[in-house]
Structures are given as structure tokens and as C-alpha cells.
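Asker: 3D model of this:
(2 chains)
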Amino acid sequence: MMLIAGTVPIKGLPLTLAEAKFEGGFLSLNHCKIPCTQGTGATISAALTTTKYLKLDPPQVLVGGDTGRGEGKGSRSIYEHLIRKLPELSPDVLALHYILPDMALMRKVCESVERCSEKPVMIADAGSMYAAKAAGLASEFDVFTPDFCELGFLADPNAVHPAYINRHLFDTNVNQAPELVSTAYQLKNAAKLLLVKGAIDYVAKEGEILERLTEPDIPALEAIGGTGDTITGLVSAFVYGGLELHEAAIIAAKSNRMAGKLARATPATKVWQIIAQFPAVFEKYLSEWV
Amino acid sequence: MASLKQEKASSLGGLVLFTTVEQAIQAEKVLRQAGYAAKLVAPPPQLRKGCDLAVEINLVEQTGIERLFKQKDVDYTEIAPLKGGEELLDIVKVTDFGEAIMVKAGNMKVTFDKDTGIILNASGGGCPDIPYLHAELVGRKLTEAPGPKEIGFTLCATMMDRAFLECLQLWDDLR
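Answerer: Next up, the predicted model:
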């Protein structure tokens, strides 16, 4: 089973564990409509589209409504559920996404993972990746999917959030990503595999750059909210489908770029328009890429 | 009080610093009442600027906490990260796509249409208020949209606010 956990921007949405479905063009969890927009919604939609194409079980999804307020009920309830129930759920793949970073709770989640019958493949992006890095838990994870600024955060020995990274790391040219990757690994701030998203996508494993992807070059993708989230969903689904981590990461990055091309992406394109292209991308290229 | 001071700052990443002990105690009470995780601790020597009592917070929630303190008239000296740089990243990067401009501030991005000033995208980061801000901002004119810092709660919202303010300036220059 693949489990995706993250918050969605719906005030008052209670903690919900359900199978993801598309109903009437919407993402649906227990008949509750989830917007397919930037954030966890885009990640789930990308993963669901991929599992559907690959004829795999759809992702199980653990979401809570959270708009970032101090009560942080959505994030907290997700953490607490994972801490209590992960050994029982024992997913094969666990993808953690937009959750208010909390180092202490993330530590407890990792402790709970240790009690699973088999350790799941652990993938983190967004706030979950921030919490994992800040708590010194990065090496517990199999895949991180940072963008270039977030790579600077992983390469900063002290920052607990990308907003506080050393400014020279933000000023670094994207071509210097391999140096930052190397630093992140030396500091033990990286997961086993990094997929760095950007104008150039880098796939790195244990400090070594395995792949550098630049084509098709679709600059507008960076301006479209959610196109990083889709990559996390794609990687999760491909890993769940049995690909090695690096294969899943490379194909995820290629799929995203190609979907941007097919969608004729502009800065005004919405992420659901990119996701809608994934089946056509898979149909045309997947057998060639795998 | 002595026992409180024994508690070392540990895991949440940020400290609120104060001039007096009374301010620290009031702040902790206000934070707890609002549902924030907060703990009275002894600040490390390098961050000690007034009294020897501070409140440990989740630094990520800095934006919402600053706004709460303002609403509740809580005096404090500053909010500082326990580790790393003391200053928020203050530089922005601008990309001109021809029909649209994207501004990046740290890990946050705001994109607007150059003809209409309509926000096409607001994204990035990893805190739960970002998908909320995305929903609230996208499709609205820059001049009519709420500032991310006004309705957001986290450091990601503060960085998005920096990008948003730069967009407003660029939009003003274009007109």
C-alpha cells in the first residue's frame, strides 16, 4: 500500500484516511472533494493518475484541513495518527508532504516507522522534508525532492527553515547544484536519493550525480504552482510500481517536463492541466524510458 | 522560577527574547491560549539580550506569532532562530517570461500577468498555509489581493510576502 500524508487548505476538514479517487473530474476522498491545486492535492492527483495507468492500487491518503493557524490541528492530527497507526498500516511507500514542520513530532513518526513489520520507502517533500532535515533525520528517508533553494537549505549546516539559509547559498548558480548536493550529503542532511527540481533536474544518490535532465526545456513549469508537487506524486507511484529509486526519480522528472510540453505550458497554466497530460506521456514514452 | 530556567532550549528551532521576565511569562500564556506550542526556557548565552528567560517556539510559526503579539500587546525584543543565520533571507530573483513576471523570495514564488496584474501563481515552500494562500491569491489582482503576511501564519508566508511586495513594485513600475 502507498500512503500519502499531508494537509489540504480546507478549514475544518477532519482527519481523513481514505482511498483516493477521481469522481466527476474532482479528486475525492470519502466523497469529500479535494482541490487539485498546488500542494498535497497535486501530489495525490499525480500519484493517482500514475497508479491508474500502471493498474496499481490507488494511493491511500491521510489528510487533514489546515491553513497554517497556530492550532495546526490538521498537521498535528496527521502526525499523531502516523505515530499511533503506522505499524498497523505498514505501507510499502510513505510519502509525507505539506505538514507544519515539527521536529519533535517528526522524530516520533520516524520511531513509529521503526515498528513497522517492514520499513516503508520514505519520501518527503515540503514541510515534511524541512522537519526531517532540521531534526537531523534526513538519512532515515529514501527520497527528498527539493527545489534549488531547498537544496541550499539542505546544504546549510544550521538553518531550520529555507527562509533562514545563508544568503550565499541562495545566490548560488543552478549549475553549482552538484557542489550543494555534495555538501548536503557530507552534512548528512540528504535522503538516500535527491531529486532536485528546477531548470536543470538533478538526480543524486549517496552524493553522486546520476542524471542531469534539461529536456524538454519548459521554463514556464517553474512558474506553475504544483509542478514540484506532481513530481513527488510521480516518484512515489513509480517506486510503488517497483522501480528503483533512481529510475523512479528520472522518469518522474522526464514525465513532468514532457507533460509541460504537451500542455503547451505558459505561466498561466494550472497544474491540473499538466496532470491531465500524464496518461498521454506514459502511453508514448514510458516503455522507452523504463 | 529557577526550575523554569533549568529547562534548556531544545527542539522547536526559535526563541522569543524579552527585556523582562514578566513579558516572557505573559507571552508564553498568550501563545498557549492561542494553541501554539510554547515553552519557557533559558536562552543560550549568544542570544541573551535582556532577561534570562525566553520562550521557545516553533520558528516556522513566526509570522502568526508576531501578529498575535501585536494583537495582544505583548512586548518582546526579537524572535531569533536557535541555530543558523539570524536574518531572514532578504534577496529576490525576478524572471521575465514575456507575458508574465515571476518573483522568487527564497523558496517562495509569485507570478503575475504583465497586462492585467492578475496573480497567476503563488506557491513554493512547505508550510500548510501556502496551499491556502495559493487558493486565496491566484486569480486576483495584485492591488486587490491581501498580503500573504496578513492572512498567512508561517515563515513561508513571510517569504511569499516579500515576493508579493516586489511584484507590487514591479506592477507599479509597469503602469
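Asker: which SS class is the residue nearest to B:Phe153 when sequence neighbours are not counted?
Answerer: Distance criterion Cβ to Cβ, 6 or more residues apart in numbering or on different chains; nearest residue to B:Phe153, sequence neighbours excluded, is B:Gly64 at 3.3 Å. (C-beta placed from N, C-alpha, C; glycine too.) When classified by DSSP: H, G, I helix; E, B strand; the rest coil, B:Gly64 comes out as helix.
Asker: so B:Gly64 sits against B:Thr154, correct?
Answerer: Yes. Assessed by Cβ atoms under 8 Å, B:Gly64 is found in contact with B:Thr154 at 6.9 Å.
Asker: joint contacts of the two?
Answerer: A:Gly68 (Cβ atoms under 8 Å, 6 or more residues apart in numbering or on different chains).
Asker: give me the more crowded residue out of these two.
Answerer: Neighbours per residue, other Cβ atoms under 10 Å in any protein chain shown: of B:Gly64 and B:Thr154, the larger number sits with B:Thr154, 32 against 25.
Asker: how far is stretch B:111-124 from where the chain is centred?
Answerer: Offset of stretch B:111-124 from its chain centre (Cα atoms, centre = their mean, to the nearest Å): 22 Å.
Asker: okay, now whichever residue of chain A sits closest to chain B: neighbour count?
Answerer: When scored by Cβ to the nearest Cβ, chain A has A:Gly68 as its residue closest to chain B, at 2.6 Å. A:Gly68: 30 surrounding residues under other Cβ under 10 Å.
Asker: and if you look at the one 10 residues further on?
Answerer: The criterion is other Cβ under 10 Å. On that basis, A:Ile78 has 30 neighbouring residues.
Asker: in a helix, that's where it is, yeah?
Answerer: Yes. Assigned with three-state DSSP, A:Ile78 falls within a helix.
Asker: ranges for the strands of chain B?
Answerer: Taking DSSP state E, the strands of chain B run over residues B:13-17, B:38-41, B:54-58, B:78-81, B:92-96, B:100-105, B:108-113, B:119-124.
Asker: right, I mislabeled it, should have said the stretch 151-290 of chain A
Answerer: A:193-196, A:201-205, A:208-213 (DSSP state E, counting those that start in this stretch).
Asker: now these as CSV including mean pLDDT, mean neighbour count and distance to chain B?
Answerer: Putting these into CSV (pLDDT from 0 to 100; neighbours: other Cβ atoms under 10 Å in any protein chain shown; distance: least, Cβ to the nearest Cβ, whole Å) gives the following:
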stretch, mean pLDDT, mean neighbour count, distance to chain B
strand A:193-196, 98, 27, 13
strand A:201-205, 97, 24, 17
strand A:208-213, 96, 15, 20
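Asker: and A:Phe153, which of those strands is closest to it?
Answerer: Ranking these by proximity to A:Phe153 (Cβ to Cβ) places strand A:193-196 first, at 11.6 Å.
Asker: so, low pLDDT: which residues of the chain?
Answerer: Chain wasn't specified; assuming chain A. Under the criterion pLDDT under 70, the flagged ranges of chain A are A:70-72.
Asker: not quite, go with chain B.
Answerer: Ranges of chain B meeting pLDDT under 70: B:1-12, B:50, B:84-86.
Asker: and the residue of it nearest chain A?
Answerer: B:Asp129 (2.6 Å).
Asker: how near is that residue to A:Glu283?
Answerer: Using Cβ to Cβ, to the nearest Å, we find B:Asp129 at a distance of 37 Å from A:Glu283.
Asker: so what's the residue count around B:Leu168?
Answerer: B:Leu168, neighbours per other Cβ under 10 Å, totals 18.
Asker: what's near enough to touch the closest residue to it other than its chain neighbours?
Answerer: Distance criterion Cβ to Cβ, 6+ apart; nearest residue to B:Leu168, sequence neighbours excluded, is B:Leu142 at 5.4 Å. With Cβ under 8 Å, 6+ apart as the criterion, the residues that contact B:Leu142 are B:112, B:117-119, B:164, B:167-168, B:171.
Asker: does the residue of chain B closest to chain A touch B:Lys149 like I think?
Answerer: No. With contact defined as Cβ under 8 Å, B:Asp129 and B:Lys149 do not form a contacting pair (10.5 Å).
Asker: shared neighbours, the two?
Answerer: Joint contacts of B:Asp129 and B:Lys149 (Cβ under 8 Å, 6+ apart) are B:Ala157.
Asker: these two: which is more packed in?
Answerer: Set B:Asp129 next to B:Lys149 and count neighbours by other Cβ under 10 Å: B:Asp129 wins out with 28 against 20.
Asker: which SS class is A:Leu27?
Answerer: Classified using three-state DSSP, A:Leu27 is strand.
Asker: isn't it up against A:Gly39?
Answerer: No. Look at A:Leu27 against A:Gly39 with Cβ under 8 Å: they stay out of range, at 11.6 Å.
Asker: looking at the two, which is more packed in?
Answerer: A:Gly39 (30 against 24).
Asker: the closest residue to the more buried one other than its chain neighbours: how many residues sit nearby?
Answerer: Spatially, and ignoring its direct neighbours in sequence, A:Gly39 is nearest to B:Pro131 (3.2 Å; Cβ to Cβ, 6+ apart). B:Pro131 has 33 neighbouring residues, counting by other Cβ under 10 Å.
Asker: ok, A:Ser75 next?
Answerer: By the criterion of other Cβ under 10 Å, A:Ser75 has 26 neighbours.
Asker: could you dump the lengthiest helix in chain B to CSV, C-alpha only?
Answerer: In chain B, with assignment by DSSP state H, the single longest helix is helix B:155-174. Taking C-alpha atoms only, helix B:155-174 is exported to CSV below (Å, rounded to 0.1, in the frame of the first residue of the first chain):
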residue,chain,number,x,y,z
LEU,B,155,7.8,31.7,7.6
CYS,B,156,6.8,30.6,4.1
ALA,B,157,4.1,33.2,4.2
THR,B,158,6.6,35.9,5.2
MET,B,159,8.8,34.9,2.3
MET,B,160,5.8,34.9,-0.1
ASP,B,161,5.0,38.3,1.2
ARG,B,162,8.5,39.5,0.1
ALA,B,163,7.9,38.2,-3.4
PHE,B,164,4.4,39.7,-3.4
LEU,B,165,5.7,43.2,-2.4
GLU,B,166,8.3,43.0,-5.1
CYS,B,167,5.5,42.1,-7.6
LEU,B,168,3.5,45.1,-6.5
GLN,B,169,6.5,47.3,-7.0
LEU,B,170,7.2,45.8,-10.5
TRP,B,171,3.5,46.2,-11.4
ASP,B,172,3.6,49.8,-10.3
ASP,B,173,6.7,50.4,-12.5
LEU,B,174,4.9,48.8,-15.5
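Asker: what packs against that helix?
Answerer: Using 3 or more Cβ pairs under 8 Å, 6 or more residues apart in numbering or on different chains; DSSP states H and E, the elements in contact with helix B:155-174 are helix B:62-71, strand B:92-96, strand B:100-105, strand B:108-113, strand B:119-124, helix B:129-137, helix B:148-151.
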